[in-house]
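> Sequence and computational prediction follow.
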Number of protein chains: 2
Amino acid sequence: MLNQSSDLDRLFYALADPARRAIVERLSRGPASVGELARPLPMSLPSVMQHIGILEAEGLVRSQKIGRVRMCTFEPQKLQGAEQWINARRNRVGTSARPVG
Amino acid sequence: MLNQSSDLDRLFYALADPARRAIVERLSRGPASVGELARPLPMSLPSVMQHIGILEAEGLVRSQKIGRVRMCTFEPQKLQGAEQWINARRNRVGTSARPVG
């Protein structure tokens, strides 16, 4: 049972960092360059690129070099696994928590 | 901006482990003792109790000693923060991704 969970492990782990969530939040409003993503974050550009790399590895972000600029795009459907897991937990309780008798 | 995120950091981190998700999945079907939670997990009882402790610290699980047994209950409303964050990202894209013109 535990073996098949690694996708969700990595997805939730990717979301467990405030810088990575800030990057996803920014990209959910539209594509942005690495420089734009880095500007509001209190860290070095290499650190930001490392966070983007983790998000890309999970498929949450795609990036593409356009001329001298690397543009990033958000892939919202990749949040689906996390959303479904959470919904399933909440719904199941909604069903089973009714008092019996 | 990043300072206010620590609740979500810890919530997503709590969900990033297959044993902790297995515990939440079991408890979403109804209360269980620590022993029942430990039985299907491939790890020692102290490890299981450590995972339960992390879930309790996030408020996802409550536990109470009844006689000689510690019973655990799931608190589904504590998933709400994660659910809302994910929904907000997906919905925003749904709105802004429409082609203009």
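Thanks, I have it. Residues are numbered from 1 along each chain as shown, chains lettered A, B, ... in the order given.
> hey, let's count contacts and neighbours off CA atoms from now on
OK.
> Up against chain B, what does chain A have?
Near chain B, the residues belonging to chain A are A:2, A:5-6, A:8-13, A:15-19, A:22, A:24-25, A:28-30, A:76-77, A:79, A:83, A:86-87, A:89-90, A:92-93, A:96-97 when assessed by C-alpha under 8 Å from any C-alpha of the partner chain.
> are any of those residues buried, and which?
Burial by neighbour count, 16 or more other C-alpha atoms under 10 Å in any protein chain shown: within the residues of chain A next to chain B this picks out A:8-13, A:15-19, A:22, A:24-25, A:28-29, A:76, A:79, A:83, A:86, A:89-90, A:92-93.
> I'd like to know which of these are part of helices.
A:8-13, A:15, A:18-19, A:22, A:24-25, A:83, A:86, A:89-90, A:92-93 (DSSP state H).
> The helix or strand containing A:Leu55 relative to helix A:18-27, how many degrees between them?
Per DSSP states H and E: A:Leu55 is located in helix A:45-57. Compare the direction of helix A:45-57 with that of helix A:18-27 by axes from the mean of the first three to the mean of the last three C-alpha atoms, to 10 degrees and you get 70 degrees.
> And for helix A:45-57, what's in contact with it?
A:14, A:19-20, A:23, A:34-35, A:37-38, A:41, A:61-63 (C-alpha atoms under 8 Å, 6 or more residues apart in numbering or on different chains).
> Can you pick out the most distant pair from those?
A:Ala14 and A:Gly35 (20.4 Å; C-alpha to C-alpha).
> more crowded one of the two?
Ranked by neighbour count (other C-alpha atoms under 10 Å in any protein chain shown), A:Ala14 and A:Gly35 place A:Ala14 first, with 25 against 14.
> ok, now which ones touch the more buried one?
Counting by C-alpha under 8 Å, 6+ apart, A:Ala14 touches A:20, A:54-55, A:58.
> if we can go back for a sec, any idea which helix or strand comes after the helix holding A:Leu55?
Downstream of helix A:45-57, the next assigned helix or strand under DSSP H and E is strand A:61-66.
> Against which helices or strands is that following strand packed?
helix A:45-57, strand A:69-74 (3 or more C-alpha pairs under 8 Å, 6 or more residues apart in numbering or on different chains; DSSP states H and E).
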